[in-house]
Each structure stands twice: as structure tokens, then as C-alpha cells.
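Asker: I need the structure of the sequence given here:
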Amino acid sequence: LTEPEISVVGAGLFIPRLAEAELSLSGPIRLHFDERGALSNLRIVAQAERARALPNGAVELRISYVGLNFRDVLNVLGAYPGDPGEPGSDCSGRVNGVGERVHHGVAKGGAMLGHAFAALATIASTDSRLVTHAPRCLSAVEACTLPTTWSTAHMAFGSSW
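Answerer: Below is the predicted model:
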């Protein structure tokens, strides 16, 4: 055989192939799994629109990029202790909505980076204290890699530097 990748299960040979999706989604989407245990359990589903106003202090981001980390992999594989919720946290995006009592200059359309709940989606919301303005010197791709890295360094070395 000339295939670069073959899986042998019992007497069967399995060769990975791309297949056309059954359903073409339009509108907001999110990455979802019905059960943990394998990355192959992930699938793209339609994302429901927000049914109510944002809570006080919350912002809604239109996600541009998500930085995956080891916690996300452990989460999907079911190897993270407890229920860590939906995967995805580190992200960059643009403000799509602003709740009451949001400060520090957050405005619709502004470029942000930070932590958002279930950020592997078109739209994610978070407490406004968990996001900050993305520096102009960084692309959105670069910005999504910073939240956990910066938070870890900040906690390890303190805010004195």
C-alpha cells in the first residue's frame, strides 16, 4: 500500500479521508462535544443567539482567534479533574456587545484579548475584568496566545516587573 497513514483494527484497514459535511451551517457556530474521551468527539454546531441582555459587567466578543492550551486538550479527553466546562478560554476578538457597568473604555468594535467562557465559537461572553485592549503592535493571532501565558508569569513573578 502507498498510503501514508493506515489504522489496523482487527482484520480491517482504515484510511482517513475527508468527507463532505452533511449540513452546511450559516451564522454563528461553536465547537461542541457530547461526551469527553476523544478529539474525534468534537463537532461544529449552530450557536444559539443570546436570548437576554448581557449581565452587569459583561462583554460579548466576536471571536477572531482562540489560543488552545493543554487544559483544553485534557478537557476534551476527559482527563481534567472535575467538570471544566466547555473548552476554549484564551482568545482575541472584537467587542460585539457591552453590559451595564463596564468600565476601562470597552466599546463596541474594540479589539480585545483575554479569557472568555467557551471561546471556541463565533461569539463568547465574559466578565469585562478578564479582557483588555489588544495592543496595536500585536496581530489578533498573536494576541490570543497571551492571556494564560501572561497570567501565569504575572502570578509567578508578581506585578513588580
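
Asker: Strands of the protein, residue ranges please.
Answerer: For the chain, the strands defined by DSSP state E cover 7-9, 12-14, 29-33, 42-46, 58-66, 90-98, 111-115, 123-127, 131-133.

Asker: As CSV, those with distance to A79 would be great.
Answerer: Just so you know, the C-beta spots here come from the backbone N, C-alpha and C atoms, and that holds for glycine as well. Below are the strands of the chain laid out as CSV (distance: least, CB to CB, whole Å):
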stretch, distance to A79
strand 7-9, 22
strand 12-14, 25
strand 29-33, 14
strand 42-46, 15
strand 58-66, 20
strand 90-98, 19
strand 111-115, 21
strand 123-127, 24
strand 131-133, 28
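
Asker: Out of those, flag the one nearest L146.
Answerer: L146 lies closest to strand 111-115 among the strands of the chain, at 5.9 Å (CB to CB).

Asker: before we move on, the earlier item: so which of the strands of the chain is nearest G82?
Answerer: Between those, strand 29-33 lies closest to G82; by CB to CB that is 16.3 Å.

Asker: Contacts only, for the residue nearest to P135 when sequence neighbours are not counted.
Answerer: The shortest distance from P135 to any non-neighbouring residue, by CB to CB, 6 or more residues apart in numbering, is to A143 (7.6 Å). Shown in contact with A143 (CB atoms under 8 Å, 6 or more residues apart in numbering): 65, 92, 111, 113, 134-135.

Asker: now A153: how far from E5?
Answerer: Using CB to CB, to the nearest Å, one obtains 38 Å as the distance from A153 to E5.

Asker: So for those two, which residue has more residues nearby?
Answerer: More neighbours surround A153 than the other of A153 and E5, with 12 against 7 (other CB atoms under 10 Å).

Asker: Run through the residues that contact that one.
Answerer: So A153 contacts nothing (CB under 8 Å, 6+ apart).

Asker: Retrieve the pLDDT associated with R94.
Answerer: On pLDDT, R94 comes in at 98.

Asker: What about it, how many residues nearby?
Answerer: 15.

Asker: What of the one 4 residues further on?
Answerer: When counting by other CB under 10 Å, one arrives at 17 neighbours for V98.

Asker: what bits of the chain have low per-residue confidence?
Answerer: For the chain, the stretches with pLDDT under 70 are 1, 21-24, 159-161.

Asker: By residue count, tell me the biggest helix in it.
Answerer: helix 147-157 (DSSP state H).

Asker: can you give me the offset of it from its chain's centre?
Answerer: 19 Å (CA atoms, centre = their mean, to the nearest Å).
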